[in-house]
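Colleague: coordinates only, sequence not included:
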């Protein structure tokens, strides 16, 4: 017997809202890679903490990753949590404030670090508005699930990231913070492992089965993975502040266990898929899970072996950002943008005239070439920089910059179809 | 051709844009009911709750059915129970996903 339970959920957010964030993100991405290219010599010398690289890092992480994630969340939250966005007009206001704040912060960190605090405050206001918007949306969700826990926790870590970041920019302006290094490391842990990783975990549990048409999977590791990862983050932060080796190892060990549980669930989902031939960009997002697991394993080994070389850890952080966070987002964006544009342009024409499939909206082959070039570029950049080969490092970053620009163009081309 | 059959034929033209397969072969259409005044009531589902294409597919199904001569009113109802499963797909759809 068929149970009647018609959905009343409006799943389509006004396309202009997610698209505004994503377009801002794409421009920032090309800009960040260009800045990194200009500063390859500093990178290959192991100098990461300098104003121009702060600018590149913030364009990459705030301008690209955070803005794209915000835009994607405006589209995915109603889908994943069956809850419409709380207030779209508030979302547009949040976009303008955050965009001005992020661009201002990234530029002033290079041009005049002492005044970065003011753009930083604007960024914080924009992010707080986003957190409020999503919190209000999630509170309307009728049935809480494991995804809610992952995404909810990610939002808490996002808040902690900006508190730590604001403290750092305060220090640049007024210089009154004594535990600068601990704040800096906390900023990284909160932002990279807390915010981004937990968020990717959460949405993967919805998107991976959806894009692979998987059925009958268990998600048996989701709760243990969540508990392990959160515990790992807490232990690692304590280790950062009190500086004990055993806690550092335990923290990385728990993070590794959490990531492994998540990766096992993803493996099961893919094994039980019905869609045997997966889309190439989606395979790239899945490859990012493998990279993420390898990087967590490397971090654990470095912690166990007590390798404290700042350059090695800096490159590990770079690889973590690029090969886990950025690659995950890039792969998913190749699915999200065609869907957004298709919905905007063709949704009302289904059943009335011929409409293209989502796959026809994007040139998949281009994506495969670009993703391969980027993977190659990132790996060669890291290896040649660590080996002290500046010419090869410059070439690798050049490949990355060109591939990033072409990626931006290939996404933008969807909007012409 | 009887109206129920005509509606089914029309629904073969509604393609899931993500998978490129029509909704009948995907096993998304559970029931087609046509009353004496040619009002059509379709019960269908989606492969996953919260499928982002839900509005597009439902409105597409409605548009296709309205395109049939003599159809009066159309109601496409989305249901989640019983949940969709791969067994509901036709062999043709399964082959297309290989």
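Modeller: All right, it came through fine. Computed from a predicted structure; not experimentally measured.
Colleague: Could you check how far residue B:74 is from chain A?
Modeller: Here the criterion is CB to the nearest CB, to the nearest Å. By it, residue B:74 lies 11 Å from chain A. No exception for glycine: its C-beta is placed from N, CA and C like everyone else's.
Colleague: who's in contact with the helix or strand where residue A:315 lies?
Modeller: In the assignment (DSSP states H and E), residue A:315 maps to helix A:310-319. Taking contacts as CB atoms under 8 Å, 6 or more residues apart in numbering or on different chains, the residues outside helix A:310-319 that touch it are A:46, A:48, A:188, A:192, A:291, A:295, A:298-299, A:302, A:307, A:378, A:382, A:385-386.
Colleague: Buried residues of it, list them for me.
Modeller: A:313, A:314, A:315, A:316, A:317, A:318, A:319 (16 or more other CB atoms under 10 Å in any protein chain shown).
Colleague: Chain B: which of those is nearest?
Modeller: Lowest distance from chain B to these (CB to the nearest CB) belongs to residue A:319, with 31.8 Å.
Colleague: Need the max-distance pair from the contacts of helix A:310-319.
Modeller: When CB to CB is used, the two most widely separated members of the contacts of helix A:310-319 are A:46 and A:291, lying 21.9 Å apart.
Colleague: quick one: the strands in chain B?
Modeller: Per DSSP state E, chain B has strands spanning B:15-16, B:21-22, B:29-34, B:40-44, B:74-78. These are given in chain order.
Colleague: Can you tell me what sits against stretch A:68-75?
Modeller: Outside of stretch A:68-75, the residues that reach it under the criterion CB under 8 Å, 6+ apart are A:13, A:17-22, A:25-26, A:85, A:91, A:95, A:98, A:130, A:134, A:196, A:199, A:203, A:329, A:332-333, A:336, A:339-340, B:52.
Colleague: Show me these that map onto helices.
Modeller: Secondary structure of the contacts of stretch A:68-75 is defined by DSSP state H; positions in helices are A:17-22, A:25-26, A:91, A:95, A:98, A:130, A:134, A:199, A:203, A:329, A:332-333, A:336, A:339-340.
Colleague: Domain boundaries for chain A, per the record?
Modeller: A:11-143, A:313-343+A:358-417 (automatic domain parsing).
Colleague: Could I get the ones you listed in JSON lines, plus columns for distance to residue A:171 and mean pLDDT?
Modeller: As requested, the domains of chain A are exported to JSON lines (distance: least, CB to CB, whole Å; pLDDT from 0 to 100):
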{"stretch": "domain A:11-143", "distance to residue A:171": "9", "mean pLDDT": "87"}
{"stretch": "domain A:313-343+A:358-417", "distance to residue A:171": "20", "mean pLDDT": "89"}
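Colleague: could you dump those to TSV with distance to residue A:234?
Modeller: Putting these into TSV (distance: least, CB to CB, whole Å) gives the following:
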stretch	distance to residue A:234
domain A:11-143	20
domain A:313-343+A:358-417	19
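Colleague: among those domains, which is nearest residue A:161?
Modeller: domain A:11-143 (8.7 Å).
Colleague: With that, I have no additional questions.
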